[in-house]
Structure formats: structure tokens, C-alpha cells
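Enquirer: this is a predicted model, with the sequence first.
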Amino acid sequence: MPAARRPEPLAPARELFDVPDDVAYFNTASLSPTLRASLGAGRDALHWRAQPWRIRAGDWFDAAEERRALFAALIGAAADDIALVPATSYGMAVAAANLDAVPGGRVLVLADEYPSGIYTWWRFTERTGARMLTVRREAGQTWTDAVLAALDETVAVVSVPQVHWTDGTWLELDRIAEASRAVGAALVIDASQSAGAVPLDVGVLRPDFLVTVGYKWLLGPFGLGYLYVAPAQQDGRPVEENWILRQDAQDFARLVEYRDAYQPGARRFDAGARTAFELTPMAVTALRRLTDWTVPRISATLEDTTSLIAGRARRLGLTVPHPRGPHMLGITLPAHLRQATARALERSGVFVGARGDALRISPHLHTTTDDVDRLFHALDTALAHPTG
């Protein structure tokens, strides 16, 4: 069978972002730069919200439903499978509230994983009597192999990302998903560091839950995130009860006719105030742009950029992870140099993230070859004068 054709990379798009020429921004994994079109949508939304008599009943629902549908399409889901949540921690709380484990069962997580998920599963183990199983890699071992080696019938929940948040190290979610099903473990995916930048297909992976924030690789505003809920989990209990997730909530005149039934699908897990009049237009604008670009083409474009960065880092004798995601990478530095180097880069107008053992480099379509040159000029200078 012939190999799948690599998607065509996208043309540079710096003019679409509000990034000045004297800034080389490599920290999308923390906060994405905002599209100029989203800024315009946000300004218009603020003016609209300032005059509430212009807001109609349908406005409480329509843009939120478009946001739901746009995100669903990016991960191969149906709109009914998506709940609108404010944060990763909220989505993890929904997952934990609707999963269970027997005393002595285990929750599998990665070492040095993002804190929100870890704290959620701590509470889960207190409620269920389960135990945490923290997977660490042996020398030369991939995260995928480490997870598969630890996964057995005692594991009730597998909670993993697609890439490790500190350095972009890759996990083969298809293999992990298959192994999780084989032992009867629920699968929860934190896609905050990959959704929108790396192809994801929940129809293939079949997780129980998948959560992501919207302000990183989805290029949206802070406070608007997404939770995929598998159809088998959609009869579960939400972590809060609010009016808008109940059936017939669109009929404002009948809201005091309280009802047990929820809106269809995963909408019962929506957070209160999910309408977010001021922010939703910004998120919708960004999601439309991602839809036009397509995630495979975004991924191919970012892979070209990170491959260039990885090659230049190796020529300096620096270590980068393998395998890694196409969109981000960590450059390993000694602990005593990491924070000082990040600060020195910032003084040169180069912005990266110091996470774990690495300087985390996460570009996007605003990134140019001039930015890469600026990164390595500043890095050379900082490493040559580590206390300067």
C-alpha cells in the first residue's frame, strides 16, 4: 500500500496575528497569540454586549452551538458529543465524577504531568479507594512503551496526553487506546497541547473523555474550553446544574416550569455562563480559521518549523526529544541554566517556556525563519554568557 501523501504546508501567515516584528514568540503551548480577526470580533462583541437590548433569545444559544460544532469537526466528533467547559480542570472533574474504580484499582498517569489532571485523580482515589500509578520512563524508553508496560487489569483509568506538556514528547494514543480497552480501563485524554495542531480522531481512539483548553493551539480566548464525552457516558451526572443545559431552555417564558430532562448529548455537562457573549465570537473566528487551514496542514507546517529548530539545536550539541509531536519540542538544558537562559532570551525579544527539564519551543503560523534565526542568536549568546 502506498504511503499516505503528506499534507501541503501552509504559506506563512504572520500578518494574520498581532505579533510585532521585534518579537519572536515561541510559547503557543502556554498562550497563543491572538488572530487579528479574533481581536476585531472581540471588539465588536464588547460593543454589542454593552447594549443588551440588542441581544435576542437565540443569541444565548446560536454562537455557542456553532463553537461546539466547529470544535467537534476538528476532532472527528459530532456536535452532540461536545460539552462547553471553562478549563481542563472542569473537564477532568466531569470525567472523574462519572467514572469509578474499586478499592485497590489504579489510575495511570505520567510522571511530571500537568497538575490539573493529577489533582483531580487524587480526589478520585480518595472517593473510590483506588491508587495512583505514576508511569516513569526507563533510559531509552518511549512514553508509549512505558505506559503499555504498566497497563494491566488493575488499572481502572488511563489519563494521558497526546504529547507531554513539558517537551512535546509523543505518545501513540492509538496503541494506548487499544490496550486500555483490552484491560477494561477508561481512557481520558488531555488534548490541551495537541488539539488544533495535531490530527486527532475520536472515532478511531474512542476515548471515554477528551478535554482541551481553547487558548493554546485552538487560538481562542482564555476561559473557553471543550470536553468530548463518548456516547456511552452521556447519561452521566454533570458537576453543576444550570438552567441552560435543561430541555427547552430556549423558551424563556417557561423557565420556571422546572424539568428533569437535559439538552441532548453532552450538553448536560456544559458549564454555566457558557454563552460568553464577549468571548465566544473570538473563539468562533479562530475555529473557522483553523477549519479553513485544516489541522493536517497546520501540523505539516509546524513540523517544518520544529524540524528546522531541532536540527539547529542538535548542531549546537543540545538534546531534543524523540519521538516528539510535530508542533513543539523541548531543548534540554541543565537546571542551573534553564531559567537564566529563558530570561536572557526574553531580554532579546525571544519568548519560550521553561518547563520541567526543558526550554519548551512552540511556534505557530506567525513564526518566520527570521524568528528562528533570532532564537538561535539569542540562545548562542545566552549559553556563551550564562550569567550575563
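Expert: Looks like it came in fine.

Enquirer: show me where the protein has helices.
Expert: For the chain, applying DSSP state H gives helices covering 36-49, 62-74, 88-97, 115-128, 143-150, 173-183, 202-205, 280-293, 295-315, 335-347, 369-384.

Enquirer: buried residues in the shortest one?
Expert: Residues of helix 202-205 classed as buried: 202, 205 (neighbour count, 16 or more other Cβ atoms under 10 Å). Yep, even glycine has a C-beta here, placed from its N, CA and C like the rest.

Enquirer: so what does that helix touch, helix or strand wise?
Expert: The elements that helix 202-205 packs onto, with contact taken as 3 or more Cβ pairs under 8 Å, 6 or more residues apart in numbering; DSSP states H and E, are helix 173-183.

Enquirer: buried ones in the helix it packs on?
Expert: Of the residues in helix 173-183, those buried under the neighbour-count criterion (16+ other Cβ under 10 Å) are 173, 176-177, 179-180.

Enquirer: any chance of those residues in JSON lines with distance to residue 233 and pLDDT as columns?
Expert: Below are the buried residues of helix 173-183 laid out as JSON lines (distance: Cβ to Cβ, whole Å; pLDDT from 0 to 100):
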{"residue": "173", "distance to residue 233": "18", "pLDDT": "98"}
{"residue": "176", "distance to residue 233": "18", "pLDDT": "98"}
{"residue": "177", "distance to residue 233": "15", "pLDDT": "98"}
{"residue": "179", "distance to residue 233": "20", "pLDDT": "98"}
{"residue": "180", "distance to residue 233": "14", "pLDDT": "98"}
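
Enquirer: deepest-packed of the helices of the chain, please.
Expert: helix 88-97 (a mean of 24; mean count of other Cβ atoms under 10 Å).

Enquirer: what does that helix contact?
Expert: By Cβ atoms under 8 Å, 6 or more residues apart in numbering, the surrounding residues in contact with helix 88-97 are 83, 85, 114, 116-117, 119-121, 123-124, 159, 186, 188, 190, 192, 208-209, 211-213, 225-227, 229, 236-239, 269, 271.

Enquirer: so of those, which ones are in strands?
Expert: Counted as lying in strands by DSSP state E, out of the contacts of helix 88-97, are 83, 85, 159, 186, 188, 190, 209, 211-212, 225-227, 229.

Enquirer: out of the residues you listed, which comes closest to residue 167?
Expert: Within the ones in strands among the contacts of helix 88-97, the smallest distance to residue 167 is 15.3 Å, found for residue 190 (Cβ to Cβ).

Enquirer: okay, now that closest one: neighbour count?
Expert: One way to gauge burial is a neighbour count; for residue 190, by other Cβ atoms under 10 Å, it gives 28.

Enquirer: next: residue 327.
Expert: With other Cβ under 10 Å as criterion, residue 327 counts 26.

Enquirer: ok, residue 258 to residue 250 distance?
Expert: In this structure, residue 258 and residue 250 are separated by 15 Å, where distance is defined by Cβ to Cβ, to the nearest Å.

Enquirer: then residue 185?
Expert: Residue 185 sits 39 Å away from residue 250 when distances are taken as Cβ to Cβ.

Enquirer: who's more crowded, the two?
Expert: When residue 185 is set against residue 250 and neighbours are counted by other Cβ under 10 Å, the residue ahead is residue 185, at 27 against 13.

Enquirer: what is the burial count for the nearest residue to residue 170 once chain neighbours are set aside?
Expert: Counting by Cβ to Cβ, 6 or more residues apart in numbering, residue 323 is the residue found nearest to residue 170 once chain neighbours are left out, at 4.2 Å. Counted with other Cβ under 10 Å, the burial measure for residue 323 works out to 13 neighbours.

Enquirer: so residue 323 is in contact with residue 169, correct?
Expert: Yes: A contact is recorded between residue 323 and residue 169 when judged using Cβ atoms under 8 Å, the distance being 7.2 Å.

Enquirer: is it true that residue 18 touches residue 39?
Expert: Yes: the pair residue 18 and residue 39 qualifies as a contact (Cβ under 8 Å) at a distance of 6.2 Å.

Enquirer: show the contacting residues for residue 280.
Expert: Each residue near residue 280 by Cβ under 8 Å, 6+ apart is listed here: 45, 63-64, 67, 224.

Enquirer: just residue 17 next, same as before
Expert: The neighbourhood of residue 17, defined by Cβ under 8 Å, 6+ apart, consists of 33-36, 364-366.

Enquirer: ok, residue 376 next?
Expert: Residues near residue 376 by Cβ under 8 Å, 6+ apart: 312, 316.

Enquirer: can you read off the pLDDT for it?
Expert: Note on residue 376: pLDDT of 95.

Enquirer: before we move on, what about residue 336?
Expert: Looking at residue 336, its pLDDT stands at 77.

Enquirer: and what of the one 4 residues further on?
Expert: The pLDDT attached to residue 340 in the predicted structure is 85.

Enquirer: how confident was the prediction at the closest residue to it other than its chain neighbours?
Expert: Spatially, and ignoring its direct neighbours in sequence, residue 340 is nearest to residue 386 (6.1 Å; Cβ to Cβ, 6+ apart). As summarised for this prediction, residue 386 has a pLDDT of 70.

Enquirer: of the helices of the chain, which is nearest residue 135?
Expert: If you check each of the helices of the chain against residue 135 by Cβ to Cβ, helix 143-150 wins as the nearest, at 4.9 Å.
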